[in-house]
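1. Okay, predicted coordinates and the sequence, questions at the end:
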Number of protein chains: 2
Amino acid sequence: MARLKKPHPRRAATLADVGREAGVSTMAASAVINGGQTSSRIAEPTRRRIIAAAERLGYRRNAAAHALANRRMNTIGVVSIFSGGGFNHYFLEIFNGILVGAAQHEQNTTVFSLNDWNEVQSRLTQFCDGRIDGMILIGTPFRPSDVALPGHTPFVSIHANHPLPGVRNIESDEERGAYELIKHSLNLGHRRIMHVTGPHSDVGVRRRIRGYKRALADAGVAFDPALVLPGQYNAESGREVLRAWFATRKKHALPHLIFCGSDAIALGCMEVLTERGLRVPEDVSVAGFDDTLAARMTVPPLTTVRQPLREMGRMAVEELLARIENWETKPAAKPVIFPTQVVLRSSLATVPAPTKQTP
Amino acid sequence: MARLKKPHPRRAATLADVGREAGVSTMAASAVINGGQTSSRIAEPTRRRIIAAAERLGYRRNAAAHALANRRMNTIGVVSIFSGGGFNHYFLEIFNGILVGAAQHEQNTTVFSLNDWNEVQSRLTQFCDGRIDGMILIGTPFRPSDVALPGHTPFVSIHANHPLPGVRNIESDEERGAYELIKHSLNLGHRRIMHVTGPHSDVGVRRRIRGYKRALADAGVAFDPALVLPGQYNAESGREVLRAWFATRKKHALPHLIFCGSDAIALGCMEVLTERGLRVPEDVSVAGFDDTLAARMTVPPLTTVRQPLREMGRMAVEELLARIENWETKPAAKPVIFPTQVVLRSSLATVPAPTKQTP
DNA sequence: CTGAAAGCGCTTACAG
DNA sequence: CTGAAAGCGCTTACAG
């Protein structure tokens, strides 16, 4: 649709207008109104005249002009992917944190949505055209060799699958979270623990699997590869994967617990269990990962591993602003790793005594 | 934290750089690169030299400078409220639509979050400083007399509680939706239909109540004011309101159906029913309003009245761009009213034959 | 077909 | 303490 034509006849007041109205120069007005660091302070009466004039005219500093003069837009960009389904709760929690962090520093937030990570190279350079001061990348799957980040814009990433050179990555201790959850469920008597995961290309998925295996090993429970079911991170995938398992399970015993790689997957699994007349947690326990809104919306509410997504979003803003302010090509930074935490809700219960099904 | 200091030493290439590199003037470069409408077309060889130079330098048009010269940021603002809880699904659906619409027209979207609608006056004038070309207001509760919209920025509203002068409002036929839902449930045999609503100050709430009453009247069912329970739009409120009702219900019969003013309220109600050992829909049917993500996440999935929120978001963008382009103080426009639609899922079922409880 | 000039609105040195 | 000048990067008329 290309860009569009001319606008606004009724133009907003400018500093020149304010100066004229107050009978002073434009820069006197600038100094007073926008606190320019001209060491010379304007005399009190003049200052008051200027402020009054600005008020009368309803003056607002023009953001574009300010940005051009200062080389600073006071805006940060957020890039993520929004395929057909639109948002997911994972993104939303992070975005919420970003919005809060940005507001604290009086920064704006603009969202760039990609339909596909393949677009990232072309769109990214397009976005980095002075309209933002820095950019936060969420959940990038690509390798450093796949895309050249525009050199003149600072970046921060959250849950990047491959660390990008010179870009600080913000992650969470997923292995530990998985470990703690499985350990707890082993204490409750679970033994056959199924793990429905996201795509194995994802480093987070591999970390969770590591935690899961380690907890089993520590408890002396044999690892059964047939119980690890790969899929995608969303509810549809959870549904499909579990349905497929039931379709081919033959006489395999029900799992005691289905540990899901995301709350969304857990949701899908709960639906499948319900449609087969199985109760959660009486017949099968279910656990998720993330602790998004979804975890509090299921019936029963979902036990899950909390990633502090909002806090991670806020931290991303802090990191980014630090890079924007004292810009310099710092040596490749270490990732920031947030702790995870098991959140117990009623979808996970003690294994009932008379479990008489055998493998 | 105030605004922050100086940035980027490694500056991006400018048109002047491109011109120099190609051995032509800045405006020749401008004409070729950014398709300036200088009728004079540059000779083909020159044009190619310029394009090659731009490529070599990785030139990107500076957004701030472009905006300043053109008085157009190619950015639209979205204002809504994000109290502590963060997003709600209602907003998200709309926002999704806005993002899609904006992307189609190559416009950016920036989100301004308010903690409280009382801030709206001060923040609004702050936002309208040239960084956006127009603004979409979502769910404003205030009256036209409460806030003066900055005169030089076009506005569009979605679900404004009070129409704002000169601002086109986008709404949906809520009365009709409620009417159709109740009519359908009456056909299924429901008679005691409870209505847990949002705040009565909300025009949408009153419209739903109107539809509900009209459907009862058309079926010759007496309206019982004791069955209309006012609350807020969220799940917590749904929980509280229904708990309170159970606490004081004495020997009132269970309702056949609980018709909720939002999907979130319905969620809260389903939780309370579950905690009392009542099954949905076997013991009590439940219906929501909106058809957000939440409606597909409950177990069982929720029958609801669909408001086409994404489409409404897209329409808001179209309307706004129209106002931005051919700016003129049009006569107060009529609202755009989208149809609503009953979406049947399994939370609503036929009333069981042996309902032997009496009021 | 191409270039020199002036301006968008705000700032930052630099003179008075 | 205050003003005249020059520049941020891009555009739009207007001359050649």
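-> Everything's here; your move.
2. okay, CA-based contacts and neighbour counts for the rest of this
-> OK.
3. Quick check: buried residues in the helix or strand of chain A with the lowest mean pLDDT?
-> Counting by mean pLDDT, DSSP states H and E, the weakest-scoring helix or strand in chain A turns out to be helix A:293-297, with a mean of 82. Within helix A:293-297, the residues that count as buried by 16 or more other Cα atoms under 10 Å in any protein chain shown are A:Leu293, A:Ala294, A:Ala295, A:Met297.
4. What is the helix or strand following it packed up against?
-> Of the helices and strands lying after helix A:293-297 in sequence (DSSP states H and E), the nearest is strand A:303-306. Packed against strand A:303-306, as judged by 3 or more Cα pairs under 8 Å, 6 or more residues apart in numbering or on different chains; DSSP states H and E, are the following elements: helix A:174-187, strand A:285-290, strand A:341-343.
5. Most tightly packed of these?
-> Of all the helices and strands packed on strand A:303-306, strand A:285-290 has the most neighbours on average by mean count of other Cα atoms under 10 Å in any protein chain shown, namely a mean of 29.
6. Which neighbours in the sheet does that strand have, and how are they oriented?
-> strand A:257-260 (parallel), strand A:303-306 (parallel) (DSSP bridges).
7. Select, out of those, the one closest to DNA strand D.
-> strand A:303-306 (44.4 Å; Cα to the nearest atom of the strand).
8. coming back round to it: close to chain B, is the least confident helix or strand of chain A?
-> Yes: judged by Cα under 8 Å from any Cα of the partner chain, helix A:293-297 and chain B are in contact via A:Ala294, A:Met297.
9. helices or strands up against that helix?
-> helix A:263-275, helix B:293-297.
10. Which of the buried residues of helix A:293-297 lies at the shortest distance from B:Ile265?
-> Distance to B:Ile265 across these (Cα to Cα) is lowest for A:Met297, with 11.5 Å.
11. Pull out the buried residues from the host helix or strand of A:Asn169.
-> Following DSSP H and E, one finds A:Asn169 within strand A:168-172. For strand A:168-172, the neighbour count (16+ other Cα under 10 Å) marks A:Arg168, A:Asn169, A:Ile170, A:Glu171, A:Ser172 as buried.
12. Just the closest of the buried residues of helix A:293-297 to DNA strand C, please.
-> So of those, ranked by how close each gets to DNA strand C (Cα to the nearest atom of the strand), first place is A:Leu293, at 41.0 Å.
13. list the contacts for the closest residue to A:Leu181 other than its chain neighbours?
-> Leaving aside its chain neighbours, A:Leu181 sits nearest to A:Val342 (6.0 Å; criterion: Cα to Cα, 6 or more residues apart in numbering or on different chains). When contacts are counted by Cα atoms under 8 Å, 6 or more residues apart in numbering or on different chains, A:Val342 touches A:Gly177, A:Glu180, A:Leu181, A:Thr303, A:Thr304, A:Val305, A:Arg306.
14. does A:Thr304 have beta-bridge partners, and which?
-> A:Gly288, A:Val343.
15. For it, which residues are in contact?
-> Contacts for A:Thr304 were tallied using Cα under 8 Å, 6+ apart; they are A:Leu181, A:Asp263, A:Ala287, A:Gly288, A:Phe289, A:Asp290, A:Asp291, A:Ala295, A:Val342, A:Val343, A:Leu344, A:Arg345.
16. Same question for A:Leu216.
-> A:Ile182, A:Lys183, A:Leu186, A:Ala222, A:Phe223.
17. A:Asp133 now?
-> By Cα under 8 Å, 6+ apart, the residues touching A:Asp133 are A:Arg72, A:Met73, A:Asn74, A:Thr75, A:Ile76, A:Gly77, A:Thr153, A:Pro154, A:Ile324.
18. Please apply the same query to A:Ser201.
-> Contacts of A:Ser201 by Cα under 8 Å, 6+ apart: none found.
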